[in-house]
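In: Predicted structure and sequence below. I'll ask about it afterward.
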Amino acid sequence: MVVGVLALQGSFNEHIAVLKRLGVKGVEVRKAEQLQNVNSLIIPGGESTTMAKLAEYHNLFPALREFVKMGKPVWGTCAGLIFLADRATGQKTGGQELVGGLDCTVHRNFFGSQIQSFEADLSVPDIAAKEGGPPIFRGVFIRAPAILDVGPGVEVLANIPVSSDKYASSDLSLQGQKENSDSGKEVIVAVRQGNLLATAFHPELTADNRW
Ligand SMILES: NC(=O)CC[C@H](N)C(=O)O
C-alpha cells in the first residue's frame, strides 16, 4: 500500500513521519500524474486558501476530484477537511475552489483566530470499537474548522461542545443544531462517508495513531 500525502503546503511532513512510524510507505504528491501511483491520499492541514491556490496553479483539482470519485480512500485533516467538503462558509472574499465529495457544510476558522487554537478530549466510541484503545482522543485544533451540517450518508465520528455565545454568533442557531445531553450545543469535528474520512483536528501531531 502506498499512501500519497498532498504536499503543497501545511503539515505534510508530519503525516509522512506518522506513516513511516506505522511502517506504511508515504509519498509526497505535488502533481496530478503522481496520484496514479498511490492507493489512497491524505490532504493535510495548513491554510486552505493558499493550498487551493497552489492546487489550482498546478491544475490538481480535476485529478483530485477524479481520485475521490473513483472511491479511493481519502482523509482530510483540518484544511484537508475544507478541501473535501461540498459546501464551505467563512471563506475569504471570492471563495476558494473545493475538491468536494463529502456531503457536509464546513465553517472555516469556526473556533476563532490562531490564538484561539486549543486541545480537547473527544469522545470517540466508534474509533475505540474499531481500533481499540481508550474511548477518548486528544484533539489538537489549530484555527480549526467545524462541520455545521451533514447529509444522510455521512457518519458522525466526533462532536465537540460549543459555548452558547459562540453558538448564538454562528450560523448554527439557524440550523437546529443537535443539543447534547447537558443541554449544551455541539458541532461535528470528525466524519466518514464511504471512502472519505475527515477530521477538523490534527491526529498527526499526537502519538495516538488510531485515526
Ligand atoms: N490547521 C488548519 O488546517 C487550519 C485551517 C485554516 N484555518 C484554513 O481555513 O485553511
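Out: Looks like it arrived, so ask away.
In: so where is the protein shaky, pLDDT-wise?
Out: Scanning the chain for pLDDT under 70 picks out the ranges 93, 165-184.
In: interface residues of it facing the ligand?
Out: Contact residues (CB under 6 Å from any ligand atom) of the chain with the ligand: 45-48, 78-79, 82, 108-109, 142-144. Yep, even glycine has a C-beta here, placed from its N, CA and C like the rest.
In: In helices, which of these fall?
Out: 48, 79, 82 (DSSP state H).
In: Would you mind giving the residues of the chain next to the ligand as TSV with neighbour count and distance to Ala7 added?
Out: Shown next, in TSV, are the residues of the chain next to the ligand (neighbours: other CB atoms under 10 Å; distance: CB to CB, whole Å):
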residue	neighbour count	distance to Ala7
Gly45	32	13
Gly46	22	10
Glu47	15	14
Ser48	30	15
Cys78	28	15
Ala79	26	13
Ile82	31	17
Arg108	21	22
Asn109	16	23
Ile142	20	18
Arg143	18	20
Ala144	28	21
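In: where exactly do the strands run in this protein?
Out: Assigned strands in the chain, in chain order: 2-6, 25-29, 40-43, 74-77, 85-89, 102-107, 118-123, 136-141, 146-150, 155-162, 185-193, 196-199 (criterion: DSSP state E).
In: Include distance to Arg65 and mean neighbour count when you put the ones you listed into a markdown table, please.
Out: Converted to a markdown table, the strands of the chain look like this (distance: least, CB to CB, whole Å; neighbours: other CB atoms under 10 Å):
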| stretch | distance to Arg65 | mean neighbour count |
| --- | --- | --- |
| strand 2-6 | 13 | 22 |
| strand 25-29 | 14 | 18 |
| strand 40-43 | 12 | 24 |
| strand 74-77 | 11 | 27 |
| strand 85-89 | 11 | 19 |
| strand 102-107 | 12 | 23 |
| strand 118-123 | 30 | 15 |
| strand 136-141 | 27 | 20 |
| strand 146-150 | 20 | 22 |
| strand 155-162 | 22 | 18 |
| strand 185-193 | 15 | 22 |
| strand 196-199 | 12 | 26 |
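In: Turn the ones you listed into CSV, including distance to Leu60.
Out: Below are those laid out as CSV (distance: least, CB to CB, whole Å):
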stretch, distance to Leu60
strand 2-6, 8
strand 25-29, 8
strand 40-43, 11
strand 74-77, 13
strand 85-89, 17
strand 102-107, 17
strand 118-123, 31
strand 136-141, 26
strand 146-150, 24
strand 155-162, 27
strand 185-193, 21
strand 196-199, 17
